[in-house]
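*Asks:* Quick one, fold the following:
(chains A and B)
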Number of protein chains: 2
Amino acid sequence: MTAPIDRTRRPFVIEEAIAILARTPSTLDALLRGLPVSWTQAHEGGETWSPFDVMGHLIHGEQTDWMPRAKIILAHGDARAFDKFDRLAQFTASVGRTLPELLEDFARLRQANLRELGSLNLTDADLDRLGRHPELGVVSLRQLLATWVAHDLDHIVQISRALARQYSDEVGPWRAYLRIISGTQG
Amino acid sequence: MTAPIDRTRRPFVIEEAIAILARTPSTLDALLRGLPVSWTQAHEGGETWSPFDVMGHLIHGEQTDWMPRAKIILAHGDARAFDKFDRLAQFTASVGRTLPELLEDFARLRQANLRELGSLNLTDADLDRLGRHPELGVVSLRQLLATWVAHDLDHIVQISRALARQYSDEVGPWRAYLRIISGTQG
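*Replies:* Reported below is the predicted structural model:
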């Protein structure tokens, strides 16, 4: 007998991670390019982020987070902590930029990073190597790369939610059925 | 002085709704086409839906929900309740289909529905027209169309979350920072 397949967890396989990471720029381009600015600058209130803000954050991640941290692990292991990531960098870096420019920057940076990641030909032993996160402590290269994937998807969720909630009132009684508006994750 | 712009709510504008609805097929195509079946059939456990299941649900919505209900409102107002929507239709309709086929069916049906919606040249008075939902009671055409938009985005969230949660264990300590995995909407 074959064991039932667990459909709720996938082991980390670098080719699969790269397949998902490679799709994020075109997914966000399809979702956002050409939408009115009133939508791409919309947010969920207070200090929450708009799609435009998220794009700047993703760009900053390509520049300072994922591949730079992978290279710190490969060069120094956990002897050197990662540089702290600036979660608010986009609020200065994106000033005066347009959304199409951010979409193009992100696509270009992501493509270059994935090319470099592929060229490292990481082995399972490499993926087991440890690094040091300034707050979370010891982490592995595998965990860093898995987080890169989940982080992309988290921000696709955030952008979709910021857009949908613009119609929180317009949907009327359907609000009860829409988890994205009612706030339940269901 | 100009009043500060509310960035958390947009009034329903049909051209804007159509702009978002038109982007969903290409967004889902960019996100899903070519991913391994082990990912597109992945889900969040129990009775939750995989990306493949969601695509079938979106197709069924194009066939039986949004435009058919809009036409019931325009023809009968609230004198005739909408037909009940079958939330589980995809579990029979998608049997034997492939994900690329579903992506193509969805794109084709959506394009035809938006063409028909545009051809109705709906006025504000039309959007105010009332219909009757079998469970929610009286609703307006405007609310139906706003819900179509939010529903698309809700399912983009669901698909992204089902994918990300496959790495719930692989992300290690980063789990605490990833709202998509920890389950907070943040």
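
*Asks:* Mind giving me the packing neighbours of the lowest-mean-pLDDT helix or strand in chain A?
*Replies:* Ranked by mean pLDDT, DSSP states H and E, the helix or strand of chain A with the weakest confidence is helix A:179-182, at a mean of 92. Contacts defined by 3 or more CB pairs under 8 Å, 6 or more residues apart in numbering or on different chains; DSSP states H and E place helix A:179-182 against helix A:141-164, helix B:141-164. C-beta coordinates here come from the backbone N, C-alpha and C atoms, glycine included.

*Asks:* Can you report how many residues lie near the closest residue to A:W66 other than its chain neighbours?
*Replies:* In this structure, A:W66 finds its nearest non-sequential neighbour in A:W148, 4.7 Å apart by CB to CB, 6 or more residues apart in numbering or on different chains. Residues contacting A:W148 under the criterion other CB atoms under 10 Å in any protein chain shown number 26.

*Asks:* So for A:W148, what's the pLDDT?
*Replies:* Per-residue confidence for A:W148 comes out at a pLDDT of 98.

*Asks:* Distance check, it against A:P173.
*Replies:* 40 Å (CB to CB, to the nearest Å).

*Asks:* now do A:A89
*Replies:* On the measure of CB to CB, A:A89 and A:P173 end up 41 Å apart.

*Asks:* cool, and A:D78?
*Replies:* 54 Å.

*Asks:* re the thing from before, can I get the helices and strands packed on helix A:179-182 in a markdown table with distance to B:G183?
*Replies:* As requested, these are arranged in a markdown table below (distance: least, CB to CB, whole Å):
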| stretch | distance to B:G183 |
| --- | --- |
| helix A:141-164 | 12 |
| helix B:141-164 | 9 |
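
*Asks:* what about the helices in chain A?
*Replies:* A:14-32, A:37-40, A:51-64, A:66-76, A:90-93, A:99-119, A:124-127, A:141-164, A:179-182 (DSSP state H).

*Asks:* Show me which residues of stretch A:128-137 are buried.
*Replies:* Of all the residues in stretch A:128-137, those buried under the rule 16 or more other CB atoms under 10 Å in any protein chain shown are A:129, A:131-133, A:136.

*Asks:* what residues does the least confident helix or strand of chain A touch?
*Replies:* Defining contact as CB atoms under 8 Å, 6 or more residues apart in numbering or on different chains, one finds that helix A:179-182 is touched by A:160-161, A:164-165, A:167-168, A:171, A:175-176, A:185-186, B:150, B:153-154, B:157.

*Asks:* Buried by neighbour count, from these: which ones?
*Replies:* A:160-161, A:164-165, A:167-168, A:171, A:175, A:185, B:150, B:153-154, B:157.

*Asks:* Make CSV out of these and add distance to B:E101.
*Replies:* As requested, the buried ones among the contacts of helix A:179-182 are exported to CSV (distance: CB to CB, whole Å):
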residue, distance to B:E101
A:S160, 24
A:R161, 29
A:A164, 27
A:R165, 32
A:Y167, 31
A:S168, 35
A:V171, 31
A:R175, 33
A:Q185, 29
B:A150, 26
B:L153, 24
B:D154, 23
B:V157, 24
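
*Asks:* With respect to pLDDT, which of those residues ranks lowest?
*Replies:* Minimum pLDDT across the buried ones among the contacts of helix A:179-182 is recorded for A:Q185, with 51.

*Asks:* Grab the nearest non-local neighbour of A:K84.
*Replies:* A:P134 (5.2 Å).

*Asks:* Wait, that neighbour touches A:I72, no?
*Replies:* No - look at A:P134 against A:I72 with CB atoms under 8 Å: they stay out of range, at 11.3 Å.
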